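# No letters, just coordinates:
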């Protein structure tokens, strides 16, 4: 079974450019999460969706960040304009059966470097 | 303000001995806790969880202990193996009372890097 698929795996861009990170959750999962990992703050929840609807975006740093989930199999996280402090690893995760452990299945991450 | 704290950034243990990783939380609303393991260049993977109605949960070599009054949990790995070398994240959330398990919006600690030496 395919896991959570993220693209690109690595992105290097210059300050001011637009960055789009993509995520395909595990088929059948109805919740999708975007996390960001930095040395200073560890793993932070940015936003999560349930059945394609954003439930909590209180972790989104500022208006430069936006996330969409147009359908159950695709989500994007966009940064416009990007800044050096946005450099981090961005993880997408999905979950399905809440009756079970509630575990999240993470993708391999997208490492973003903003110069 | 960090709601989930892992105060030890790193831990080194000899193969075959016990590894004990600690985690503290401040939010008394948290009632479901998880541990994740992360290897370099990979995403975190789920290891074990515990609900606040329990004080211990065991899965093979891994046991999680929860002390609600102290707002503290720990992960014990016995015996430790070199393949256990990874970063371990503690996470907390509210339990989904309708379905059980977690609501999924996990709050993570910063992680503890475990090195198990042969």
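It's in. All values reported here derive from a predicted model rather than from experimental measurement.
# Pretty sure residue B:91 sits against residue B:6.
No: look at residue B:91 against residue B:6 with CB atoms under 8 Å: they stay out of range, at 10.3 Å. Backbone N, C-alpha and C define where each C-beta goes, glycine included.
# Spit out the residues that contact the two alike.
residue B:109 (CB atoms under 8 Å, 6 or more residues apart in numbering or on different chains).
# So for those two, which sits in the more crowded spot?
Set side by side, residue B:91 and residue B:6 show more neighbours around residue B:91, with 27 against 20, by other CB atoms under 10 Å in any protein chain shown.
# Backbone dihedrals for that one, please?
Torsion angles at residue B:91 (phi, psi; degrees, to the nearest 10) stand at phi -140, psi 150.
# got a list of what it touches?
By CB under 8 Å, 6+ apart, the neighbours of residue B:91 are B:4, B:33-36, B:106-109.
# Turn those into CSV, columns for distance to chain A, secondary structure and neighbour count.
Putting the contacts of residue B:91 into CSV (distance: CB to the nearest CB, whole Å; DSSP: H, G, I helix; E, B strand; the rest coil; neighbours: other CB atoms under 10 Å in any protein chain shown) gives the following:
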residue, distance to chain A, secondary structure, neighbour count
B:4, 9, strand, 25
B:33, 10, strand, 26
B:34, 7, strand, 25
B:35, 10, strand, 23
B:36, 8, strand, 25
B:106, 6, coil, 27
B:107, 7, strand, 20
B:108, 4, strand, 25
B:109, 6, coil, 25
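# Sort out which one of those lies nearest residue A:52 for me.
residue B:106 (20.1 Å; CB to CB).
# I figured the closest one was touching residue B:90, is that so?
No: look at residue B:106 against residue B:90 with CB under 8 Å: they stay out of range, at 9.7 Å.
# tell me, what's touching those two both at once?
By the contact definition CB under 8 Å, 6+ apart, residue B:106 and residue B:90 are jointly contacted by residue B:34.
# gap between residue B:74 and chain A?
From residue B:74 over to chain A the distance is 18 Å, taken as CB to the nearest CB, to the nearest Å.
# Neighbours of that residue, how many?
Other residues close to residue B:74 by other CB under 10 Å number 16.
# in a strand, that's where it is, yeah?
Yes: according to DSSP: H, G, I helix; E, B strand; the rest coil, residue B:74 belongs to a strand.
# is the residue nearest the centre of chain A in a bridge, and if so with what?
Of all residues in chain A, the one closest to the mean position by CA atoms, centre = their mean is residue A:34, 3.0 Å from it. Note on residue A:34: beta-bridge partners by DSSP bridges are residue A:47, residue A:92.
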